[in-house]
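1. sequence and predicted model, in that order:
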Amino acid sequence: MAETKKVLIKIKRQAGPQEPSRWEEFSLNWRPSMNVIICLRDIAENPVTSSGKKTTPITYDSNCLEEICGSCAMLINDKARMACSALVDHLDQPIRIEPLTKFPLVRDLSVDRQFMFDSLKRVKAWIPIDGSYDLGEGPRVSPQVQAKGYPLSSCITCGNCLEVCPQVNEHNQFVGAAIISQVRLFNIHPTGAMNKRERLEALMGPGGVQECANAQNCVKACPKNIPLTESIAEVNRDAWKQALLGWLLG
Amino acid sequence: MSATASQSDSSYLLRKLHSLTGVLPVGAFLAEHFWSNSAALVNAPKYDEVSRDLQTIPFRPIVEWAIIFLPMLYHAVYGVYIWLRGKSNISSYPWVGNWLYVAQRYTGLIAFAYIGWHLYTERWLTHGRSTYATVASDLQNPWYLAFFVIGILASSFHLGVGIWNFLCKWGLAATAKAQQAAGRLGIVIGVAFGVAGILIVLSFRLNWHPFASYYIPK
Ligand code: HEM
Ligand code: FES
């Protein structure tokens, strides 16, 4: 039998936020349709480096394995991607894997995206439907609004758009494209529109929509092909109208 | 991100003001400046008439400071502040928009350095009384010529990209299609300014006046 094909993969490891980082290389048996998560699982089964040294399984986040939960974003060959949809056959080897750099590190490839969840709370990225009494039926959502909202609703909060944005960094509190796009989603919904003003005002504070500098990396990096640059433009327009006309006309 | 220095609540207003000043009045002044200086393409007397008209406007210092110097200074200073709070990543993501993001910062800086020197040599040293002759004699110096060309190209590029940024960032071009169209508009404006500026410089340098026949003596 011919020798089995190998997959070379290098992983940046770090035991904790304050610990030093190091690279480990693994040589895995190739399998058809192999993706990066499968590589990480194979390493967990047999945590031995390519030089034969025993090591520990790699810490990483994943859940759905079908690009829908958003937890497996990492740097794969220097680019922010979802590990579960990154096919080994499409990647140059040795494949280099690193954690996202814009979020606090937990361990190895696992990062803490709390900043995004806090930002979603800050902009009230939800539609209030509960009251202390029955609020009755909401207004109907037109097919046009549904069509516009559907792609926006597919955001998985993976953080790739923040990772690739030059305006998201330690000097800047910019909330990033995903959050702005969620504001658009909830603002176009007829019930959500009742809180439109609050959402826009939250986005006109520090790190708000004004921080976008139009590099347009977000829309290229989004695994869900969400029209993020359109969302930013539209929310930007609503924001300055709110700022200007709110003050002029109430 | 989580452990950030807190940013002021006025950052929205200041940022919008930066964006706006880039187009109005700074970009508009650039257009006016190229327009006035294109008088050189007619001839030296026409150029001197246009300069004299500009040099004798009432409230000249107030107009200059309010419409040109202060907005430009604000745009430049705040532009550097914005620059310092971004972190470019073109080596990982060498995409067009990302390149333009970086180029926008360097061309802004080059434009500012050029404009500072240009003001010093063509306004300060001539006490606000430049003429065709003073500019033409400066442009005989090859270093002056080179700096003029670099400054003009940097400003034109910066304005072209800036118009695209402005239209996207104020949501005036919101759909992907509209943003592409805004990009094409930016290219047209950038190229038009670059070409016009170079032609004006050549006019001084080579004593070349393609529209001399238009001239009507006063
Ligand atoms: C030191 C000089 C300058 C610096 C450092 C500078 C910097 C910048 C920066 C960083 C941006 C991007 C802003 C953003 O992404 O939000 C920008 C935008 C812009 N600049 Fe400048 N600039 C300078 C001079 C000029 C000059 C001389 C002009 C006129 C030709 C100009 C016109 C514009 C325009 C139209 C924009 C677009 C505004 C927008 O992004 O919404 N700038 N500038
Ligand atoms: S594991 Fe859910 S998106 Fe990759």
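-> Structure received. Ligands and ions are numbered 1, 2, ... in the order given.

2. how about the helix ranked longest in chain A: buried residues?
-> Identified as the longest helix of chain A according to DSSP state H is helix A:228-249. The neighbour-count check on helix A:228-249 (16 or more other C-beta atoms under 10 Å in any protein chain shown) flags A:228-240, A:242-243 as buried. (Each C-beta comes from the backbone N, C-alpha and C, glycine too.)

3. go on, stretch B:172-191?
-> B:173-174, B:178-179, B:182-183, B:186, B:189-190.

4. extract the CA atoms of it and return them as CSV.
-> Coordinates of each C-alpha in stretch B:172-191 appear next as CSV, following Å, rounded to 0.1, in the frame of the first residue of the first chain:
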residue,chain,number,x,y,z
LEU,B,172,-25.1,59.0,0.2
ALA,B,173,-23.8,55.9,-1.7
ALA,B,174,-25.3,53.1,0.3
THR,B,175,-25.8,50.1,-2.0
ALA,B,176,-22.9,48.1,-3.3
LYS,B,177,-23.7,49.4,-6.8
ALA,B,178,-23.8,53.0,-5.7
GLN,B,179,-20.5,52.6,-3.8
GLN,B,180,-18.9,51.3,-7.0
ALA,B,181,-20.3,54.3,-8.9
ALA,B,182,-18.9,56.6,-6.1
GLY,B,183,-15.6,54.9,-6.6
ARG,B,184,-15.6,55.6,-10.3
LEU,B,185,-16.5,59.2,-9.5
GLY,B,186,-13.6,59.4,-7.2
ILE,B,187,-11.2,58.1,-9.9
VAL,B,188,-12.5,60.6,-12.4
ILE,B,189,-12.1,63.5,-9.9
GLY,B,190,-8.6,62.3,-8.8
VAL,B,191,-7.4,61.9,-12.4
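
5. what's near enough to touch the residue of chain A found nearest ligand 1?
-> Nearest residue of chain A to ligand 1 (C-beta to the nearest ligand atom) works out as A:A213 at 3.2 Å. Contact partners of A:A213, counting by C-beta atoms under 8 Å, 6 or more residues apart in numbering or on different chains, are A:166-167, B:82, B:86, B:101, B:104, B:165.

6. could you say what helices and strands whichever helix in chain B runs longest packs with?
-> In chain B, assigned by DSSP H, the helix with the most residues is helix B:176-206. With contacts taken as 3 or more C-beta pairs under 8 Å, 6 or more residues apart in numbering or on different chains; DSSP states H and E, helix B:176-206 sits against helix A:228-249, helix B:28-37, helix B:132-138, helix B:142-169.

7. that one: how far from the chain's middle?
-> Distance of helix B:176-206 from the chain centroid (C-alpha atoms, centre = their mean, to the nearest Å) equals 11 Å.

8. in the helix or strand where B:L73 lies, what's buried?
-> Assigned by DSSP states H and E, B:L73 belongs to helix B:70-84. Buried residues in helix B:70-84, defined by neighbour count with 16+ other C-beta under 10 Å: B:71-72, B:75-76, B:78-79, B:82-83.

9. quick one: that helix to helix B:142-169, angle?
-> 80 degrees (axes from the mean of the first three to the mean of the last three C-alpha atoms, to 10 degrees).

10. the inter-axis angle of the next helix or strand after helix B:70-84 versus helix B:142-169?
-> Using DSSP H and E, the next helix or strand after helix B:70-84 towards the C-terminus is helix B:96-119. Here the directions of helix B:96-119 and helix B:142-169 differ by 130 degrees (the same axes, to 10 degrees).

11. any idea of the mean pLDDT for helix B:96-119?
-> Averaged over helix B:96-119, pLDDT sits at 98.

12. which of the residues in it are buried?
-> With burial defined by 16+ other C-beta under 10 Å, the residues of helix B:96-119 counted as buried are B:97-98, B:100-102, B:104-105, B:107-112, B:114-115, B:118.

13. so where does the closest residue to A:N77 other than its chain neighbours fall, helix or strand?
-> Once flanking residues are discounted, A:N77 sits nearest to A:R96: 5.5 Å by C-beta to C-beta, 6 or more residues apart in numbering or on different chains. Here A:R96 sits within strand A:95-98, counting by DSSP H and E.

14. name the helices or strands packed onto that strand?
-> Under the contact definition 3+ C-beta pairs under 8 Å, 6+ apart, strand A:95-98 sits against strand A:6-14, helix A:36-45, strand A:73-76.

15. within the sheet, what are the partner strands of that strand, with directions?
-> For strand A:95-98, the paired strands and their directions (DSSP bridges) read strand A:6-14 (parallel), strand A:73-76 (antiparallel).

16. so A:C155, which state does it fall into?
-> Secondary structure, DSSP: H, G, I helix; E, B strand; the rest coil: A:C155 is coil.

17. just the pLDDT for it.
-> Confidence score, pLDDT, at A:C155: 98.

18. same deal with B:T175?
-> Confidence score, pLDDT, at B:T175: 97.

19. residues in contact with it?
-> Here B:T175 is in contact with A:E230 (criterion: C-beta under 8 Å, 6+ apart).

20. tell me what angle the helix or strand harbouring B:D48 forms with helix B:176-206.
-> Per DSSP H and E: B:D48 is located in helix B:44-55. Angle of helix B:44-55 versus helix B:176-206, following the same axes, to 10 degrees, is 120 degrees.

21. which strands or helices does helix B:44-55 pack on?
-> Identification of packing neighbours for helix B:44-55 by 3+ C-beta pairs under 8 Å, 6+ apart yields helix B:28-37, helix B:132-138.

22. mind running it again at 10 Å?
-> helix B:28-37, helix B:132-138, helix B:176-206 (3 or more C-beta pairs under 10 Å, 6 or more residues apart in numbering or on different chains; DSSP states H and E).

23. ok, then the element right after that helix?
-> helix B:60-63.

24. only C-alpha atoms, please: export that following helix in CSV.
-> Extracted C-alpha coordinates of helix B:60-63, given in CSV (Å, rounded to 0.1, in the frame of the first residue of the first chain):
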residue,chain,number,x,y,z
ARG,B,60,-9.0,88.7,3.0
PRO,B,61,-7.4,87.4,6.3
ILE,B,62,-10.7,86.5,7.8
VAL,B,63,-11.8,84.6,4.6
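
25. close to ligand 1: what parts of chain B are there?
-> Within chain B, the positions lying close to ligand 1 (C-beta under 6 Å from any ligand atom) are B:19, B:22-23, B:26-27, B:30, B:75-76, B:79-80, B:82-83, B:104-105, B:108-109, B:111-112, B:115, B:155, B:158-159, B:162-163, B:165-166, B:169.

26. give me the subset of these touching chain A.
-> With C-beta under 10 Å from any C-beta of the partner chain as the criterion, the members of the residues of chain B next to ligand 1 in contact with chain A are B:19, B:82-83, B:104-105, B:165-166, B:169.

27. quick test: name the residue nearest the centre of chain B.
-> The residue lying closest to the centre of chain B (C-alpha atoms, centre = their mean) is B:S155, at 4.1 Å.

28. from what I see, it and B:Q104 are in contact.
-> No: contact criterion C-beta atoms under 10 Å: B:S155 and B:Q104 do not qualify, at 12.0 Å.
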